[in-house]
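Visitor: The following comprises the amino acid sequence and a computationally predicted model.
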Amino acid sequence: MLDVSVKVSLGNFQLTVEQQFSGAGVTAIFGPSGCGKSTLLKTIAGVISKAEGHITWREQPWLNDSKMRKPEYRRLALVFQKAHLFETQTVQQNLLYGLPKNRAAAISEQDVVAILSLQDLLNRMPSQLSGGQQQRVALGRALLSQPELLLLDEPMNGLDNKAKRNIMRYLKQIQQRFNLPIIVVTHHVDEVVHLADNLLEVNLTAVTV
């Protein structure tokens, strides 16, 4: 369970959220562009430090009145619209960058390569990949960081229909294979229909179910 009760003020923009997110399945944060979906996701991840209130994940305090846990200690992974791969490293090197150095890996490189169909891409450079392929590598790198929670900020935005369908299929397989809770930001109804087990709708000042 992810318990979020926060207020974020960025200039004239204000987002107030009081919501409990499911600790299982895929939750879609849905709403039009500019309504605060990505702000909410980044606040959960700890990327935005100006939030007030509290965030608790599985009884672990990530944010409260006295302190904020740094993103790297939240056991989550955040994937953006742009893959942000290392351009001078191969696909395999990009994937392995996600592996933690100080703990055992429950999700292996072999698991990730198989479920995301990356076998034929391992020796390629990012510049040799399509947008959909790059996003698959970004997802793989995120999974290899061994997250307890996967956050996705419009990961299919800008992809063609075929690549988009593929990513949605891979996301469902990832959730089912690793029993990994996923929160995905989107403003596309079809993504909600095909992916979401739970839905939150965001407007400029609040979240409503």
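Guide: Cool, the structure landed.
Visitor: what does the helix or strand harbouring Val185 rub up against?
Guide: For Val185, the element it lies in under DSSP states H and E is strand 182-186. Contact with strand 182-186 is made by 2, 21, 25-30, 37-38, 40-41, 44, 149-156, 171, 174-175, 191-192, 195-196, as judged by Cβ atoms under 8 Å, 6 or more residues apart in numbering. Yep, even glycine has a C-beta here, placed from its N, CA and C like the rest.
Visitor: Give the partner strands of it in its sheet and their orientations.
Guide: Within its sheet, strand 182-186 is paired with strand 26-30 (parallel), strand 149-153 (parallel), according to DSSP bridges.
Visitor: Make a markdown table from these and add mean pLDDT and mean neighbour count to it.
Guide: A markdown table is the format used below for the strands paired with strand 182-186 (pLDDT from 0 to 100; neighbours: other Cβ atoms under 10 Å):
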| stretch | mean pLDDT | mean neighbour count |
| --- | --- | --- |
| strand 26-30 | 93 | 25 |
| strand 149-153 | 96 | 23 |
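Visitor: among these, which is nearest Gln128?
Guide: Nearest to Gln128 among those is strand 149-153; the distance by Cβ to Cβ comes to 24.0 Å.
Visitor: Okay, buried residues for the helix or strand just after the closest one please.
Guide: Remark: after strand 149-153, the chain's next helix or strand is helix 161-178, criterion DSSP H and E. For helix 161-178, a neighbour-count test (16 or more other Cβ atoms under 10 Å) marks 163-164, 166-168, 170-171, 174-175, 178 as buried.
Visitor: any idea how far helix 161-178 is from the chain center?
Guide: In terms of Cα atoms, centre = their mean, to the nearest Å, the centre of helix 161-178 is found 13 Å from the chain centre.
Visitor: between it and strand 26-30, how many degrees?
Guide: 140 degrees (axes from the mean of the first three to the mean of the last three Cα atoms, to 10 degrees).
Visitor: Residues in contact with helix 161-178: which ones?
Guide: Contact partners of helix 161-178, identified using Cβ under 8 Å, 6+ apart, comprise 25-26, 107, 111, 115-117, 130-132, 135-136, 139, 143, 150, 152, 155-156, 159, 180-182, 184, 191, 194-195.
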